[in-house]
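A.B. asks: Need a 3D model of the sequence below.
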Amino acid sequence: MMLELDAEALYAELRTGVRSLLRPGGVLVGIWSGGAWLAERLQQDLGLAGKPGVISSTLHRDDFGSRGLAAGADATHLPFAVDGAHIVLVDDVLYTGRTIRAVINELYDFGRPASVQLAVLVDRGGRELPIAAAYAAARIALPANRRLSLARDPAGLFTFAVEQV
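C.D. replies: Coordinates of the predicted model:
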């Protein structure tokens, strides 16, 4: 099965979707690592002041015992008050929903936001939890034995790779 996804074209769609989700004074929080790359570029392209937040799911994952600490475990950095904030979470690929559940738990360790919406580059289906994106640039069906990975080149341009797992 050959799947071709134009990550840059999808990024342009995501930018439009995130613009519509952002409330005045709203903030972006990218999920480590692909979501953080996207949020960083969105922050700049949308002309938002400051830096986006970055959040890691590692410490709240329900499979922490089997996965252990991964790179980015200490990646959470929220340069704004979470209490009362309107947050748009940004991620590259939405799959089971377990990362999003873990990230929301991590987010609430820092305060109680007024709202949290999720925007993703690709929703690949396969949900194990009742979690849905408010905006997905693309929705695809991908077998469980395949992984969709976002990469960023030195110029900041995005590409996707589909790998066998």
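
A.B. asks: List the beta-bridge partners for the residue nearest the centre of the chain.
C.D. replies: Nearest to the mean C-alpha position of the chain, by CA atoms, centre = their mean, lies residue 91 at 1.3 Å. For residue 91, the beta-bridge partners under DSSP bridges are residue 120.

A.B. asks: Could you measure from it over to residue 47?
C.D. replies: Here the criterion is CB to CB, to the nearest Å. By it, residue 91 lies 22 Å from residue 47. C-beta coordinates here come from the backbone N, C-alpha and C atoms, glycine included.

A.B. asks: Same question for residue 86.
C.D. replies: Per CB to CB, residue 86 is found 17 Å from residue 47.

A.B. asks: More neighbours: the two, which one.
C.D. replies: The neighbour comparison of residue 86 against residue 47 (other CB atoms under 10 Å) goes to residue 86, with 16 against 6.

A.B. asks: Do a quick rundown of the strands in this protein.
C.D. replies: For the chain, applying DSSP state E gives strands covering 27-31, 53-55, 86-94, 115-123, 135-139, 146-152, 158-164.

A.B. asks: okay, the ones you listed in JSON lines with distance to residue 100 next?
C.D. replies: Output for the strands of the chain, formatted as JSON lines (distance: least, CB to CB, whole Å):
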{"stretch": "strand 27-31", "distance to residue 100": "8"}
{"stretch": "strand 53-55", "distance to residue 100": "11"}
{"stretch": "strand 86-94", "distance to residue 100": "7"}
{"stretch": "strand 115-123", "distance to residue 100": "6"}
{"stretch": "strand 135-139", "distance to residue 100": "12"}
{"stretch": "strand 146-152", "distance to residue 100": "16"}
{"stretch": "strand 158-164", "distance to residue 100": "20"}
